[in-house]
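S.K.: Fold the following.
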Amino acid sequence: MWRGPFRPASVALKGPPHHRLCACVVVILGAALAVMTGREISAQQAVAGPISFSRTVYPIFEAAQCRGCHTDDGVASATRLHFPEPNASPDDIEAFGITLAALVDRADPAQSLLINKPTNRVRHTGGVRIRPGSFEEQALVEWVRHLAGLPDATVAAARERLAAAVAPSTHDQRLRRLTHSQYNNTVRDLLGDYSRPADRFPPEDFVNGFKNQLRTQGMPPLLAEAYGAAAEKLALNAFRAGDVNGLIPCKPSGAHEVKCRDLFVRTFGARAFRRPLDEGEIARYTALFDGQARNTGRFLEGARVVVEAMLQSPKFLFHVESHREYAVANRLAYFLWDTMPDRNLFDAAAKGELRTAEGLDRVARSMLEQPAARQAIDEFFAEWLRFDRALGSVKDRRRYPEFTPELAAMMVQETRLLLGNLVWHDGNFMDAFTAEYSFLNSELAGVYGLPAPPGEFERVPFPAASHRAGLLGHASFLSSNAGPVETSPTARGIFVREQFLCQHVPNPPPGVNTEVPEPTVDKPLARRQRMQAHVANPTCATCHRLMDPIGFGLENYDAIGQWRDKEVIEFESSRRGTPGKKVELPIDGEGEIAGLANGAFSDPKQIGHLLAGSRACQECIVKQLFRYAFGRMETAADRDTIRTAFTAFRDSGFRFREMIVALVKSPQFIDGLPPP
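M.R.: You can find the predicted model right below:
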């Protein structure tokens with residue numbers, strides 16, 4: 001409940017998804033919030049004592065939308081200013097206000113960053129958030145003066161309170177469901193079926209950048225229907241030509257048939273449910289087996305109906321973690337292999353080898369040596385870098401006749417090979433942003449203007465004069481973040497912010513016009529000049545300054561990733577049979593990653609070096625893997641785990657596998673499981 005004398009006006013920020021690329025924030029100052037003037041604040045102090053931060057200054061920050069950037073996943077995540085959670089208590093908000101003393105110049109309060117950053121007197125990535133000379137600034141100045149006089153012990157106590165207020169790591173109690181990829185791999189390893197039935201299931205949503213996030217792991221009717229149809233077909237195929245895949249571990253005959261039935265139910269059930277069956281489950285499935293076998297007179301028919309029933313059980317479709325040892329084995333298998341545990345991992349669980357960090361370290365390293373690990377890491381890369389967008393890209397056939405679905409698949413393969421080379425040869429993973437080589441075939445070499453290599457996807461060095469390096473020079477990234485004809489600086493910029501820096505850019509307000517002026521024959525402006533409309537519009541300017549300049553620095557790459565020195569604009573003729581007009585315009589390739597130290601760049605290769613050397617980017621890779629491994633966003637309670645994994649990653653020379661092992665050994669990996 002709002003306790004102060006003034007209630008801040010609410011600000012609607014979330015717009016429809018199709019406005020995502022316009023991501024900008026409405027800065028509401030003055031009229032949106034009734035705040036005390038300096039005289040009113042002084043009067044309150046005289047009567048009621050110290051200023052209440054939660055009732056005066058905090059609402060100003062909230063109305064100015066400072067939280068949108070100053071959070072763990074905001075554009076200003078690397079700064080010292082991080083806002084508490086939106087549901088923080090008034091006492092915690094007061095403590096937060098006191099910790100802002102770190103941004104106060106006690107010798108000369110007027111020079112404090114806490115005043116001069118939000119007013120943009122000192123260059124502020126977010127621009128002007130509090131208007132100089134306004135009532136809002138007067139309230140902020142009063143608070144800065146108050147902080148300048150606080151003893152160090154008071155500030156230290158406030159920091160301790162906020163640290164203690166971090167809630168223990170809590171997890172959504174909903175069960176995680178097998179992703180489509182995990183389903184395909186599991187039925188392959190369980191049944192020997194390579195038909196990939198989940199490819200025909202309803203498509204999965206990307207949330208927090210991945211498909212396995214808890215809050216989207218429900219069971220919509222269409223998916224339940226697809227599971228039922230798949231289970232029926234899979235079970236039928238499993239025994240269509242007899243027990244060709246050896247699912248029945250014995251030979252049923254006469255007096256031994258009951259024992260064979262029981263052994264089948266136990267062994268297949270343990271593999272399907274990824275843990276031993278209890279006696280009640282065994283009784284239910286043997287009864288189901290007997291009913292079908294008795295009706296048909298065939299042992300395999302009893303087995304078939306048991307397989308079909310188990311494949312539709314929540315205990316198969318979800319990660320049900322009721323047995324601690326086997327739950328850890330399952331988490332390991334689906335993270336490191338993207339499929340069910342094998343016999344060796346089940347045995348390790350049964351022997352208690354997964355109870356200690358040392359045991360987890362040993363088992364995880366062994367698992368990473370298996371071929372399945374490459375498949376699993378490939379899946380992580382595919383989701384993190386949104387290969388689906390590259391594979392689904394559509395380009396204007398007249399403008400880019402060479403772009404085909406086959407070429408798009410080659411683009412994705414190039415990126416897979418670069419990343420796989422770094423992971424499995426224990427290279428410095430940050431070289432993914434700076435590598436002056438790639439893995440090309442003749443078609444991709446043609447896109448890059450290079451001689452064709454003698455073989456398929458051979459390692460090819462880029463020429464010394466080349467402007468291309470690392471992931472941001474890959475056609476998979478450049479083509480998937482562009483339109484059918486033109487580039488999209490905004491799309492490329494927001495991808496860098498969100499995927500490589502883990503910085504969330506807020507959605508635009510509803511009804512904002514996202515269009516930029518179209519070029520005309522009389523006024524053939526380049527893309528960069530036309531996009532100045534974003535900067536001219538105060539509603540959009542703040543956030544587009546964070547995204548567009550990144551993309552501007554990549555404008556020399558066209559919509560499929562080819563290098564160009566000029567931007568070509570084609571105008572169709574209004575007269576039939578008359579050729580159109582082409583206009584060539586110079587490209588201004590200057591760019592900037594606002595918020596990074598020395599973030600300006602003038603060559604596309606430089607952006608990769610900026611990212612590779614940035615702690616924000618290095619930590620983001622850890623966060624992305626955390627989100628994929630745990631199926632959720634990191635929270636304040638996960639900071640130690642993120643920090644530990646980052647330290648292991650950094651200290652190993654940024655070896656990707658060391659980061660994986662660090663996450664597997666973290667307390668969160670076994671947090672919430674039943675006791676041994």
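S.K.: In this structure, which residue is most central in space?
M.R.: Nearest to the geometric centre of the chain sits residue 209, at 3.2 Å (CA atoms, centre = their mean).
S.K.: Need the pLDDT of that residue.
M.R.: Per-residue confidence at residue 209 stands at 92 (pLDDT).
S.K.: Residue 212 too?
M.R.: 93.
S.K.: pretty sure it is in contact with residue 180, am I right?
M.R.: No - applying CB atoms under 8 Å, one finds residue 212 not in contact with residue 180, separated by 9.9 Å. No exception for glycine: its C-beta is placed from N, CA and C like everyone else's.
S.K.: after the helix ranked longest in the chain, next one along is what?
M.R.: Longest helix in the chain by number of residues (criterion: DSSP state H): helix 405-424. Going down the chain from helix 405-424, the next helix or strand is strand 437-440, by DSSP states H and E.
S.K.: one step back: give me the buried positions along the longest helix of the chain.
M.R.: 407-408, 410-423 (16 or more other CB atoms under 10 Å).
S.K.: And for stretch 119-135?
M.R.: For stretch 119-135, by 16+ other CB under 10 Å, it's 119, 120, 124, 125, 126, 127, 128, 129, 130, 131, 135.
S.K.: Show the pLDDT at the residue nearest to residue 484 when sequence neighbours are not counted.
M.R.: Nearest non-adjacent residue to residue 484, counting by CB to CB, 6 or more residues apart in numbering: residue 396, 4.9 Å away. Listed pLDDT for residue 396 reads 94.
S.K.: In which helix or strand does residue 567 reside?
M.R.: Here residue 567 sits within strand 566-571, counting by DSSP H and E.
S.K.: Remind me what that strand packs against, helices and strands.
M.R.: For strand 566-571, the elements it packs on are strand 581-586, judged by 3 or more CB pairs under 8 Å, 6 or more residues apart in numbering; DSSP states H and E.
S.K.: Give the next helix or strand downstream of the strand it packs on.
M.R.: Next along from strand 581-586, by DSSP H and E: strand 591-592.
S.K.: quick one: contacts of the next helix or strand along the chain from that following strand?
M.R.: Sequence-wise, the next helix or strand downstream of strand 591-592 (DSSP H and E) is strand 600-601. Strand 600-601 has contacts (CB atoms under 8 Å, 6 or more residues apart in numbering) with 553, 590, 591, 592, 593, 607, 610.
S.K.: What of stretch 639-654?
M.R.: Contacts with stretch 639-654, where a contact means CB under 8 Å, 6+ apart, come from 166, 428-430, 618-619, 621-623, 625-626, 634, 655-656, 658-659, 661-663, 666-668.
S.K.: How is the chain partitioned into domains?
M.R.: 35-164, 180-374, 382-612 (automatic domain parsing).
S.K.: Could you tell me the average pLDDT over the shortest one, please?
M.R.: For domain 35-164, mean pLDDT rounds to 81.
S.K.: per-residue confidence for residue 227?
M.R.: If you check residue 227, the pLDDT there is 97.
S.K.: I'd like the domains of the chain written out as JSON lines, with distance to residue 641 added.
M.R.: As requested, those are exported to JSON lines (distance: least, CB to CB, whole Å):
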{"stretch": "domain 35-164", "distance to residue 641": "13"}
{"stretch": "domain 180-374", "distance to residue 641": "13"}
{"stretch": "domain 382-612", "distance to residue 641": "15"}
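S.K.: Out of those, the one nearest residue 630 is which?
M.R.: Proximity to residue 630 (CB to CB) singles out domain 180-374 among these, at 8.8 Å.
S.K.: Okay, now the unreliable bits of the stretch 551-676 of the chain?
M.R.: Scanning the stretch 551-676 of the chain for pLDDT under 70 picks out the ranges 577, 672-676.
S.K.: No further questions, thank you.
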